[in-house]
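1. Fold the following, please.
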Amino acid sequence: MPTPDPDAPVVLPPAIERTLAHSSLLETYWPTAIALVLAVAVVGWWAWRRRRRPHGGRRRGARLATAATWVTAPVLVALAVLLAVNTWVGYVPTFGAARTLAESLWGSEPPPAPAATAPVVVRSSPPDTPQGTGGRVTTATTGGIITETVRSTAHGVPDRPVRFYLPPGYDAPGNTTRYPVYYLLHGSPGTGGDWVGAGKLAATMDTLIDAHQIPPAIVATPDLTTGTPNGQESVNYPGTGPQFETFFQDDVVPYTDATLRTVPDRGHRVVGGMSSGGLESLTFALHRPDAFGATISIMAYAGPVGPDLRKDAATVAAYSPVRLIKAAAFTQPLAVYLAQGDQESEADNRRIEAALRARGQPVTLQIFPGEAHNWNMAYAAEPYGLVWAARQLGWT
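-> Alright, predicted model coming up:
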């Protein structure tokens, strides 16, 4: 099979683009407008009441009305600002995403990881949530999301939940098919639920699979935090800091292969991410060329940005993609999809792209007009990256 041209544009049929287009109420500015109108209405009611009763009427009632007005109106204005920011950022695009975020931040503790001594078997039907209760989560036409807790052997990283998208029919009786896997990493701060909520993972995968743009595939979205989205980047920290990459490489990937019906080789694994997750997905793949055949790096930057990381030279070197690309052996090609919006500097991604081209690696950089560094940009690039990587690895 000839190697696909990495710069051949991914063209999604218009019907798919319409299906994936922003369509939720929370993706519009209508909620912002409604909150502002209500704030104006509250203040207008108070002013009307004052005009009707110029001497304040009953003093107690007047004081209560004034207090209620000047509490309610600022709250509504603050809500309007919050809704406007969310519409621009795209972090909570649907009410389902709001529920996912709430579960990530304030939900019950994730199901416990299996005992270290428990035998691990590839399940023909997946566990439901909570872990190990069984039951169908997919249909013939729709996939499903499950949550598993992966036992951590990495220093400073507790057992963490991983959300898995299972493709349509995965748990159909008698199905023994094995599937390729996408691993998608969140930004900083963030949680593993971000791709499910802000990235509309299930709907995106269902749509692309149904349109035969990608084959049925599993997606894993690990929670690479210490338990709270505290802004840490998901790398191996120096000294006694948390070892997030070790958890991902040594615990999450082996657990996925041992627990679900995957095709456990580099040609059927893609690692991707957005923002800091874009940096990490690229450097993780460069660290483990035996494990990943492609990476989807959305809004990546040229190295770690946290002050506690920047002051450690070894950590900066370990997570500087251009340096890693120049030193890599590349005994097998690594296909790299880069994407960003045109509302931020292209310098970092241009440097990464140039370094990969200089080493003869299949790479493309897609610039999205009008997009900035936020989840709207990540969602815009998501289907293109998924399709591009599948084509580069010969899945379609």
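
2. mind listing what residue 293 touches?
-> Taking C-beta atoms under 8 Å, 6 or more residues apart in numbering, we find residue 293 in contact with 266, 267, 268, 269, 270, 332, 333, 334, 335, 392, 393. Bear in mind the C-beta positions are built from the backbone N, C-alpha and C, glycine included.

3. and with 6 Å instead?
-> Applying C-beta atoms under 6 Å, 6 or more residues apart in numbering, we find residue 293 in contact with 266, 267, 393.

4. So, low pLDDT: which residues of the stretch 251-396 of the chain?
-> Scanning the stretch 251-396 of the chain for pLDDT under 70 picks out nothing.

5. those helices in the stretch 101-250 of the chain, which residues are they?
-> Applying DSSP state H, counting those that start in this stretch to the stretch 101-250 of the chain gives helices spanning 194-197, 201-210, 244-246.

6. For those, give me a markdown table that also has distance to residue 260 and mean pLDDT.
-> Listed next are those as a markdown table, based on distance: least, C-beta to C-beta, whole Å; pLDDT from 0 to 100:
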| stretch | distance to residue 260 | mean pLDDT |
| --- | --- | --- |
| helix 194-197 | 17 | 94 |
| helix 201-210 | 15 | 96 |
| helix 244-246 | 21 | 97 |
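
7. any idea which of those helices is most buried?
-> Stretch with highest mean neighbour count among the helices of the stretch 101-250 of the chain: helix 194-197 (a mean of 27; mean count of other C-beta atoms under 10 Å).

8. what's the nearest residue to residue 94 if we skip its chain neighbours?
-> Leaving aside its chain neighbours, residue 94 sits nearest to residue 24 (4.5 Å; criterion: C-beta to C-beta, 6 or more residues apart in numbering).

9. Out of the contacts of residue 293, who's the most crowded?
-> Of all the contacts of residue 293, residue 393 has the most neighbours under the rule other C-beta atoms under 10 Å, reaching 20 neighbours.

10. From residue 223, how far out is the residue nearest to the spatial centre of the chain?
-> Nearest residue to the geometric centre of the chain (C-alpha atoms, centre = their mean): residue 195, 3.1 Å. Relative to residue 223, residue 195 is positioned 11 Å away (C-beta to C-beta, to the nearest Å).

11. likewise residue 262?
-> 19 Å.

12. which of the two has more neighbours?
-> Set residue 262 next to residue 223 and count neighbours by other C-beta under 10 Å: residue 223 wins out with 26 against 20.

13. Give the closest residue to that one in space, chain neighbours not counted.
-> residue 192 (3.5 Å).

14. what helix or strand does the residue lying closest to residue 183 once chain neighbours are set aside sit in?
-> Nearest residue to residue 183, sequence neighbours excluded (C-beta to C-beta, 6+ apart): residue 271, at 4.5 Å. Assigned by DSSP states H and E, residue 271 belongs to strand 269-274.

15. now do residue 65
-> Counting by DSSP H and E, residue 65 is part of helix 59-89.

16. Buried ones in that helix, by neighbour count?
-> 62, 65, 69, 72-73, 76-77, 79-80, 83-84, 86-87, 89 (16 or more other C-beta atoms under 10 Å).

17. Am I right that residue 341 is in contact with residue 369?
-> No. Using C-beta atoms under 6 Å, residue 341 is not in contact with residue 369, being 7.7 Å away.

18. So between those two, which is more surrounded?
-> Taking other C-beta under 10 Å, residue 341 and residue 369 do not tie; residue 341 has more neighbours (21 against 8).

19. In contact with the nearest residue to the more buried one once chain neighbours are set aside, which residues?
-> Counting by C-beta to C-beta, 6+ apart, residue 371 is the residue found nearest to residue 341 once chain neighbours are left out, at 2.8 Å. Residue 371 makes contacts with 341, 377, 380, as judged by C-beta under 6 Å, 6+ apart.

20. Reformat those residues as a markdown table; add secondary structure and distance to residue 214.
-> As requested, these are exported to a markdown table (DSSP: H, G, I helix; E, B strand; the rest coil; distance: C-beta to C-beta, whole Å):
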| residue | secondary structure | distance to residue 214 |
| --- | --- | --- |
| 341 | strand | 23 |
| 377 | helix | 21 |
| 380 | helix | 17 |
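
21. This protein: strands as residue ranges?
-> For the chain, strands defined by DSSP state E occupy the ranges 144-150, 160-166, 181-185, 218-222, 269-274, 294-298, 335-341, 363-368.

22. May I see these organised as TSV, with distance to residue 355 added?
-> Below are the strands of the chain laid out as TSV (distance: least, C-beta to C-beta, whole Å):
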stretch	distance to residue 355
strand 144-150	33
strand 160-166	31
strand 181-185	21
strand 218-222	27
strand 269-274	18
strand 294-298	13
strand 335-341	10
strand 363-368	9
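
23. So this structure: which segments form each domain?
-> As recorded under automatic domain parsing, the domains making up the chain are 30-87, 121-392.

24. in stretch 367-385, what's buried?
-> 368, 371-385.

25. correction: stretch 265-279
-> Across stretch 265-279, burial judged by 16+ other C-beta under 10 Å covers 266, 268-279.

26. any idea what sits nearest residue 296, other than its immediate chain neighbours?
-> residue 272 (3.0 Å).

27. Point out where the stretch 101-250 of the chain drops to low pLDDT.
-> Counting by pLDDT under 70, the stretch 101-250 of the chain contains low-confidence ranges at 101, 103-135, 228-231.

28. change it to 90
-> 101-136, 189-192, 225-232 (pLDDT under 90).

29. Would you mind measuring from the closest residue to residue 99 other than its chain neighbours to residue 44?
-> Leaving aside its sequence neighbours, residue 99 sits nearest to residue 197 (C-beta to C-beta, 6+ apart; 8.0 Å). Distance of residue 197 to residue 44, given as C-beta to C-beta: 36 Å.

30. go on, residue 275?
-> Noted for residue 275: a distance of 42 Å to residue 44, by C-beta to C-beta.
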